[in-house]
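Asks: Have a look at this prediction, sequence included:
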Amino acid sequence: MSPNLIAALTTISLFVLGDQSSLVVPSDHLLAQHEISLNNRQSDKWVNDIFKDNILLNLAYMSGKVSGKDTISWDEVRKPFSYQFKLDPGRTFAYHEDVFLEYQDKVVKTTNAHFNASEGFKSDGYLMGDGVCHLASLIYWVAKDAGLETEARTNHNFAVIPDISREYGVSIYNYPARFEANAKQNLYITNNGEKTITFKFEYQNENLKVSVVESN
């Protein structure tokens, strides 16, 4: 093959590769990410497993994998998974549906759960749904680090949450006909940016990772 032909083919190859690269969509921009072990929720293994199951069940309700106690398959709930939801500018995620008046027209996403026995949540003899506060605190921590507008009026300073600083502890509560108490023990996250953001949840090897990314 002649040198001139080789040079011509090289030029064509570079042009084609350059043209292809211009079509690649830039990846989303990671704003914040944190991870906790679900094997480190409590020192007692039996209690820890209650916390772990409640966290995973809460995520199953949020993702739509579970819609009621009759649909729960614990083998499915405990499997590794990934899930995500988007939040457009000006829209709010609330942990449950009992929200303050100023959020009622903004909330587009909740965890779809009330953390009670009728929904399949478990108790370690202290509280029904123990563990969901750990999940809420992890979400709050990531949202704060991502620079999102957040509100959590009731801190979880009455008990340590392993791997998460007390300043990010969130107390979650939902009980029928106790709207004010429920609204105060809720978590509110509003997308105060100009671009859509995505919350990503990944559960692998007993670890739960939550990320917030901004769409380009």
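Replies: Great, that's in hand.

Asks: name the element the closest residue to Leu59 other than its chain neighbours belongs to?
Replies: Here the nearest residue to Leu59 in space, its sequence neighbours aside, is Phe201; by C-beta to C-beta, 6 or more residues apart in numbering that works out to 6.2 Å. Heads up, the C-betas are built off the backbone N, CA and C, glycines and all. Using DSSP states H and E, the secondary-structure element containing Phe201 is strand 197-204.

Asks: next one: Val108
Replies: strand 107-109.

Asks: what are the C-alpha coordinates of the helix or strand just after that strand, in CSV please?
Replies: Once strand 107-109 ends, the next helix or strand along the chain (criterion: DSSP H and E) is helix 132-145. This file holds the C-alpha atoms of helix 132-145, laid out as CSV (Å, rounded to 0.1, in the frame of the first residue of the first chain):
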residue,chain,number,x,y,z
VAL,A,132,-36.7,3.9,58.1
CYS,A,133,-35.2,6.9,59.9
HIS,A,134,-31.8,5.5,58.8
LEU,A,135,-32.8,5.6,55.2
ALA,A,136,-34.3,9.1,55.5
SER,A,137,-31.1,10.3,57.1
LEU,A,138,-29.0,8.9,54.3
ILE,A,139,-31.2,10.6,51.7
TYR,A,140,-31.1,13.9,53.7
TRP,A,141,-27.3,13.7,54.0
VAL,A,142,-26.9,13.2,50.2
ALA,A,143,-29.4,15.9,49.4
LYS,A,144,-27.7,18.4,51.7
ASP,A,145,-24.3,17.7,50.2
